[in-house]
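>>> Just a sequence and a predicted model for now, questions to come.
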Amino acid sequence: MFKGLAGGEMKYGEECDLSPESTDAPENMVCEEKRVFVKQRLLPLIRDCDLGVDNVEYERAESGEFVVIRYFNGRAERINVTADSLAALARDVLKRWR
């Protein structure tokens, strides 16, 4: 278990339930916040810096939270961002990318 950004508790590997009836749960708001941040902020920044990047995604797995950078050549980088704030997530991704 860990405390999410919005104060809710989540188990590692627990999926974000973003159905309309559950999006108000704190832990789901955190997952959605991170997913949107990665798509709307990190993806454009990384693509502007590296034309070889196809996609950047936030994902949760049993082993934690990750940002996955996928390249057009098929390569992928998986960066651990477990329990990061948005600022820490951005820092970790930009520091470990490439």
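Okay, I see it. Numbers count the residues shown, from 1 in each chain.

>>> what ranges do the strands span in this structure?
For the chain, the strands defined by DSSP state E occupy 2-3, 9-10, 53-61, 64-71, 76-80.

>>> So which elements touch the last one?
Which is strand 76-80. Applying 3 or more Cβ pairs under 8 Å, 6 or more residues apart in numbering; DSSP states H and E, one finds that strand 76-80 contacts strand 64-71, helix 86-96. In short, each C-beta sits where N, CA and C put it, glycine included.

>>> Could you do the fourth one as well?
Using 3+ Cβ pairs under 8 Å, 6+ apart as the contact criterion, the elements in contact with strand 64-71 are strand 53-61, strand 76-80, helix 86-96.

>>> which residues are contacting it?
12, 34, 38, 42, 46, 52-60, 76-84, 89, 92-93, 97 (Cβ atoms under 8 Å, 6 or more residues apart in numbering).

>>> at 7 Å instead, please
12, 38, 46, 52-59, 76-82, 89, 93, 97 (Cβ atoms under 7 Å, 6 or more residues apart in numbering).
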